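Chemist: Coordinates only, no sequence provided:
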Ligand SMILES: O=C(CO)[C@H](O)[C@H](O)COP(=O)(O)O
């Protein structure tokens, strides 16, 4: 089974969690795109629900499939958000933001009764930090913010941390849907995600970071042996989407 097959299997399983009349947050990224495709097929078959997208890209995809969409301001309370992740660590702590949508992803997940993560098996890690941590910052005074973040991370890691401004395809800074920029921090290991999350939030100029702690309730992870469901408490079992509540 390839990584893409694993993503697809997890996404198809998660699509079965959506029930008639639900208000659903739709994530961003290649795994979330497979979910939106699966939900588009369910919509064609007659399932009716309301969706809030976590990015302009997901909004466009869902709109093209005919799925009914609202903004988070129109629907500030959602039943369920299903989203991908760059890393899934113990307690379902996540690193997200590889696709640059972390701010809207966090706002939508926080407005949801539950968040379910979908991913291929490569995303499961014993300790977060192998994937560079995205940190969304204000473009104004970006260099001053970068220096503040660098000194915080150096103090946390006990060594200088490589902190790069994410570039878009044209080489200019990558601009998020919220018109912000992103720093990617190569931490290697995040010993205490909750503590780092709190520290980063207090840095002037930081808009948001890609650590999602105590947000995901369950993960559906595609593996060569099928989709495994993991809960925040760490129980893993073969995925039965009907029990993923
Ligand atoms: O956080 C995200 C986007 O901001 C994505 O969920 C994350 O990058 C995973 O993407 P993919 O499903 O393509 O591996």
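Modeler: Ah, there it is. These numbers come from a predicted model, not from an experiment.
Chemist: Show me which residues of stretch 204-223 are buried.
Modeler: Buried positions in stretch 204-223, judged by neighbour count with 16 or more other C-beta atoms under 10 Å: 205-213, 215-223. (Glycine included, C-beta is placed from N, CA and C.)
Chemist: Alongside the ligand, which residues does this structure contribute?
Modeler: 27-32, 83-86, 96-102, 105 (C-beta under 6 Å from any ligand atom).
Chemist: what are the ranges of the strands in this structure?
Modeler: All strands of the chain, identified by DSSP state E, fall at 23-26, 50-53, 78-83, 87-88, 94-95, 112-120, 133-137, 162-165, 181-186, 206-209, 211-212, 216-223, 226-231, 236-238.
Chemist: Can you say which of the ones you listed is packed in most?
Modeler: Among the strands of the chain, the stretch with the highest mean neighbour count (mean count of other C-beta atoms under 10 Å) is strand 94-95, at a mean of 28.
Chemist: what stretches of this structure score poorly on pLDDT?
Modeler: Where the chain drops to pLDDT under 70, the residues are 235, 239-245.
Chemist: Let me see the domain layout of it.
Modeler: 3-125+213-243, 133-205 (automatic domain parsing).
Chemist: so of those, which one's packed in deepest?
Modeler: Buried most deeply of the domains of the chain, by mean count of other C-beta under 10 Å, is domain 3-125+213-243, with a mean of 20.
Chemist: From residue 209, how far off is residue 234?
Modeler: 24 Å (C-beta to C-beta, to the nearest Å).
Chemist: Please apply the same query to residue 21.
Modeler: For residue 21, the distance to residue 209 - C-beta to C-beta - is 34 Å.
Chemist: Looking at the strands of the chain, which is nearest to residue 173?
Modeler: The closest of these to residue 173 is strand 181-186. By C-beta to C-beta, the value is 4.8 Å.
Chemist: Pairing partners for the nearest residue to residue 59 once chain neighbours are set aside in the sheet, please.
Modeler: Distances taken as C-beta to C-beta, 6 or more residues apart in numbering put residue 53 closest to residue 59, at 3.8 Å, once the chain neighbours are dropped. Counting by DSSP bridges, residue 53 is bridged to residue 26.
Chemist: Let me see the contact set for residue 53.
Modeler: 25-26, 28, 59, 62, 69, 104 (C-beta atoms under 8 Å, 6 or more residues apart in numbering).
Chemist: Residue 180 touches residue 134, doesn't it?
Modeler: No - using C-beta atoms under 8 Å, residue 180 is not in contact with residue 134; the gap is 10.8 Å.
Chemist: Need the overlap of contacts for the two.
Modeler: Residues touching both residue 180 and residue 134 by C-beta under 8 Å, 6+ apart: none at all.
Chemist: What residues are bridge-paired with the residue nearest to residue 87 when sequence neighbours are not counted?
Modeler: In space, and not counting its chain neighbours, residue 87 is closest to residue 95: 4.1 Å by C-beta to C-beta, 6+ apart. On the basis of DSSP bridges, residue 95 takes part in beta bridges with residue 87, residue 211.
Chemist: Can you tell me how far residue 95 is from residue 199?
Modeler: Distance from residue 95 to residue 199, by C-beta to C-beta: 16 Å.
Chemist: One more: residue 216?
Modeler: 21 Å.
Chemist: got it, and residue 170?
Modeler: 33 Å.
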